[in-house]
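Peer 1: Any chance you could fold what I've pasted below:
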Amino acid sequence: MVAEVAPEQPLPPRYLPSEGEPFTIHHLFQMPEDKVRYEVLEGTLLVSPWPAIRHQAVRDELRLRLKVSAPPKTKVFTDVTVRLKSDATAFVPDIVVIRPGVKLGDRGFLEAEDVLAVVEVVSPGSTGADRKFKPAIYAGAGIPYFWRVEPMRFRELLPGEQPPVVLVHELDEESGSYRLAERLAAGRKGRVTVPYPLEFDPADLLPQDD
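Peer 2: Next comes the predicted model:
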């Protein structure tokens, strides 16, 4: 679970905001490289373990498929920080699909309006974040599409389904929240249409030794 916790060693004062001030996206780029992921939520520092190898394998395989199928000038990245409407909230999604034509330059982070879709791959330590509060924040920032990938069995698995399951959500402009638009489960090739057409069998996202 993503938590308001310190890394293995306490952060030296040079990494911390002044007393009484919140953490911001700018503090993230000053953090030590200590194999944990730093994010901020409403001024609170969030620290989570670096993804396990299996998680990274699923993420990287999906990123490749999204990249190959992407329309011209649409970029697909991993490990990119996204500012979510204020300096006090910024996440690092597993995958980010950037809107066509966005100029990156030498920026250290993306704005929410640069982003077409985000993908989160659920792991045992991130279930609450990836299923609940992160989607709400992404929706509130106006990101049109949110994919959630469930590599293991989970409570909402439908009869006959096998993981991985890919849950594709789109933003409902009226309610300001995501609604489930498409769903793919392992075992046969399926098609999603948003943020652009893509065909694959979610089983192929797993490492070959699984």
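Peer 1: C-alpha from now on. contacts and neighbour counts both.
Peer 2: Will do.
Peer 1: before we move on, could you check phi and psi at T127?
Peer 2: The phi and psi values for T127, taken as degrees, to the nearest 10, are phi -60, psi -50.
Peer 1: What ranges does the protein have for its helices?
Peer 2: All helices of the chain, identified by DSSP state H, fall at 25-28, 53-69, 127-128, 134-140.
Peer 1: how about the CA coordinates for the second one, as CSV?
Peer 2: What follows is helix 53-69, C-alpha atoms only, in CSV (Å, rounded to 0.1, in the frame of the first residue of the first chain):
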residue,chain,number,x,y,z
ILE,A,53,10.2,-7.7,-11.5
ARG,A,54,6.9,-9.4,-12.5
HIS,A,55,5.1,-6.0,-12.2
GLN,A,56,7.7,-4.4,-14.4
ALA,A,57,7.5,-7.2,-17.0
VAL,A,58,3.7,-6.7,-17.3
ARG,A,59,4.1,-2.9,-17.5
ASP,A,60,6.9,-3.0,-20.1
GLU,A,61,5.0,-5.5,-22.3
LEU,A,62,1.9,-3.4,-22.3
ARG,A,63,3.8,-0.2,-22.9
LEU,A,64,5.4,-1.8,-26.0
ARG,A,65,2.0,-2.8,-27.4
LEU,A,66,0.5,0.6,-26.7
LYS,A,67,3.6,2.2,-28.4
VAL,A,68,3.4,0.0,-31.5
SER,A,69,-0.3,0.7,-32.0
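Peer 1: roughly how far apart are the residue positioned nearest the centre of the chain and P71?
Peer 2: When Cα atoms, centre = their mean is applied to the chain, the residue found nearest the centroid is P93 (2.5 Å). Between P93 and P71 the distance is 21 Å, computed by Cα to Cα, to the nearest Å.
Peer 1: Check the gap between the residue nearest to the centre of the chain and V82 for me.
Peer 2: Distance, P93 to V82, by Cα to Cα: 8 Å.
Peer 1: same deal with G176?
Peer 2: Going from G176 to V82 by Cα to Cα gives 19 Å.
Peer 1: residues contacting the residue nearest to the centre of the chain?
Peer 2: Counting by Cα atoms under 8 Å, 6 or more residues apart in numbering, P93 touches 78-82, 118-120.
Peer 1: just H26 next, same as before
Peer 2: Contacts of H26 were listed using Cα under 8 Å, 6+ apart, and they are D87.
Peer 1: Tell me the pLDDT of it.
Peer 2: Note for H26: predicted pLDDT of 92.
Peer 1: just P124 next, same as before
Peer 2: According to the prediction, P124 has pLDDT 88.
Peer 1: Just give the number of residues close to L157.
Peer 2: Here the number of neighbours of L157 (other Cα atoms under 10 Å) works out to 15.
Peer 1: likewise P71?
Peer 2: For P71, the tally of surrounding residues (other Cα under 10 Å) stands at 14.
Peer 1: Could you check how far it is from P202?
Peer 2: According to Cα to Cα, P71 and P202 sit 21 Å apart.
Peer 1: How about R188?
Peer 2: For R188, the distance to P202 - Cα to Cα - is 8 Å.
Peer 1: repeat for L62
Peer 2: Taken as Cα to Cα, the span from L62 to P202 is 9 Å.
Peer 1: Looking only at neighbour counts, state which of the two leads.
Peer 2: Each of L62 and P202 has its neighbours counted (other Cα under 10 Å); P202 has more, 25 against 21.
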